[in-house]
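Undergrad: got a predicted structure plus its sequence, pasted below:
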Amino acid sequence: MADQQMAEQLEEPEFNDDVLETILSHVPLVDLVSASHVSKSWRAAVSSSLIHHNKPRPWLILHTQGTRSPYATTTQAYDPRSGVWVKLSRPSVPYISDLKSSHSNCLYMLSRSRFSFSFDPLGFDWRHVSGPIVLRRDPIVARVGHSVVVAGGGCDFEDDPMAVEIYDLSTCAWHACNSMPGNLRDTSASIWLSVAATDEKLIVAVKESGSIYWFDPVVKSWSDAFKLSPGQPVQSYNIGYTNNTLILVGLCQIQNVDRVKVWRVGEEEFECEEIGEMPSAYVEKLRSESFGYCSLNIRAAGNTVYVYNNTWGVEEVVACELIPSGGCRWWSVNNVVAREERIGERLVFTCAEVGIDELGRVMRGENRRFEVSPPS
């Protein structure tokens, strides 16, 4: 035992604790997993560095799926703490149908007979269950507590294209619920809606009008309609949750100038309080020369919101960090899988808080590899 301890001491690089923590604050989060296994003192330094020097921040995660057999899937993740992209190599997810996401941290594939979904931050762990009763093309799918809510998006030939079903994660059973409100008949597909979820309820906003509803899976019913009224001429409403706060990111046109603003939204009457505005240079980065801002969306986790335009010709994503003391910090990220370079592939955006423990768990799996790209 004494010989082993002496060997560890000889092999372990000697650094002053403060110096080591400062050095580690510049190391990509992926590489800190191996650094934390050098020794107990290094593990303590890694932990301290992540707490006091350079804290982890939510990752933007881009998933692609081939449109032809074998429908191969790939994943690239942006770590804002280190400013690097990480390519995640792993066996392809078994094909069920088109890969989709209608919520920040949810991936799913849905067919008549099968429903596959993942709420794993990096999309490594999947569950495969029997499909819901109603056949759907583009539903809302989100986790609320111990339930997975599947709402709307039904095929035209179904008796009720606005049907709602929940899959209970505890009992592994499907349950029918009250259908979506009648006012959503023409906008019940996820392409027309923006979604936020808590452990208690699902919140749905119509992107074009700002009408907003919430769904309670315990009583299996919907609220009355509310209206988001930020006091600005909003053209596109997108909602999300950051640090247990509902936010609205809206595209406005004021005096013929396109602007993107952020509001904090109250959860009782859905009143709006403006907290920030995207600099005009970043607004321009989101515009497609061919399609404008026709497909503006957000993904949110922790204190970070990623704003993107999921259409051709847009090669950057704009990030917004909500400052606890008030205001926003903005920057842009080059989209390493921009559509123009990915003809023949579907592109799906998610966002999640990723920590060193999560990365360590993933790395212990078989046939999994992480490749870090240098900062651009």
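TA: Sure thing, it's come through.

Undergrad: which pLDDT value goes with the closest residue to residue 333 other than its chain neighbours?
TA: Among residues not flanking residue 333 along the chain, residue 317 sits closest, at 4.7 Å (Cβ to Cβ, 6 or more residues apart in numbering). In short, each C-beta sits where N, CA and C put it, glycine included. Note for residue 317: predicted pLDDT of 95.

Undergrad: helix or strand for residue 317, which one?
TA: Counting by DSSP states H and E, the element that carries residue 317 is strand 316-322.

Undergrad: helices and strands around that strand, which ones?
TA: Helices and strands touching strand 316-322, by 3 or more Cβ pairs under 8 Å, 6 or more residues apart in numbering; DSSP states H and E, are strand 257-265, strand 272-277, helix 280-285, strand 304-309, strand 328-334.

Undergrad: tell me the most buried of these?
TA: strand 304-309 (a mean of 24; mean count of other Cβ atoms under 10 Å).

Undergrad: any idea how far that one is from the chain center?
TA: Put simply, strand 304-309 sits 9 Å off its chain's centre (Cα atoms, centre = their mean, to the nearest Å).

Undergrad: rounded mean pLDDT for that strand, please.
TA: 95.

Undergrad: same question for stretch 83-90.
TA: Here stretch 83-90 scores 89 as its mean pLDDT.

Undergrad: with stretch 321-338 instead?
TA: pLDDT averaged over stretch 321-338 gives 90.

Undergrad: only alpha carbons, please: show that stretch as CSV.
TA: Output in CSV follows, covering the C-alpha atoms of stretch 321-338 (Å, rounded to 0.1, in the frame of the first residue of the first chain):
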residue,chain,number,x,y,z
GLU,A,321,-27.6,34.1,-21.0
LEU,A,322,-30.1,35.5,-18.5
ILE,A,323,-28.2,37.4,-15.9
PRO,A,324,-29.6,36.8,-12.3
SER,A,325,-29.2,40.5,-11.5
GLY,A,326,-31.1,41.5,-14.6
GLY,A,327,-30.4,41.8,-18.3
CYS,A,328,-29.0,39.4,-20.9
ARG,A,329,-25.6,38.5,-22.3
TRP,A,330,-25.6,37.6,-26.1
TRP,A,331,-23.2,35.8,-28.4
SER,A,332,-23.5,33.7,-31.6
VAL,A,333,-22.4,30.2,-32.4
ASN,A,334,-21.5,28.8,-35.8
ASN,A,335,-23.8,26.0,-36.7
VAL,A,336,-21.5,23.1,-37.6
VAL,A,337,-24.3,21.2,-39.2
ALA,A,338,-25.9,24.0,-41.2
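
Undergrad: which other residues reach that stretch?
TA: 57, 60, 62, 64, 74, 76, 78, 80, 85, 242-243, 247, 262, 275-279, 282, 285, 303-306, 308, 314-320, 345, 347, 373, 376 (Cβ atoms under 8 Å, 6 or more residues apart in numbering).

Undergrad: same question, stretch 29-41
TA: 8, 12-13, 17, 24, 27, 42-43, 46-47, 49-50, 56, 79, 81-82, 86, 354, 356, 359-360, 363, 370, 372.

Undergrad: tell me which of those fall in helices.
TA: Using DSSP state H, the members of the contacts of stretch 29-41 that fall in helices are 8, 17, 24, 42-43, 46-47, 49-50, 356, 359-360, 363.

Undergrad: can you pick the most crowded of the residues you listed?
TA: residue 46 (24 neighbours; other Cβ atoms under 10 Å).

Undergrad: and it, what pLDDT?
TA: Taking residue 46 on its own, its pLDDT is 89.

Undergrad: how close does the nearest residue to it once chain neighbours are set aside get to residue 59?
TA: Nearest non-adjacent residue to residue 46, counting by Cβ to Cβ, 6+ apart: residue 36, 4.4 Å away. Note on residue 36: its distance to residue 59, by Cβ to Cβ, to the nearest Å, is 19 Å.

Undergrad: quick one, which of the two is more surrounded?
TA: In this view residue 36 and residue 59 are compared by other Cβ under 10 Å, and residue 59 has more residues nearby, 24 against 20.

Undergrad: for that one, name its beta-bridge partners.
TA: Residue 59 forms beta bridges with residue 352, as assigned by DSSP bridges.

Undergrad: residue contacts, it?
TA: Counted by Cβ under 8 Å, 6+ apart, residue 59 has contacts 77-80, 121, 351-354.

Undergrad: distance to residue 333 added to those, as CSV?
TA: Shown next, in CSV, are the contacts of residue 59 (distance: Cβ to Cβ, whole Å):
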residue, distance to residue 333
77, 11
78, 6
79, 10
80, 8
121, 18
351, 12
352, 15
353, 17
354, 15
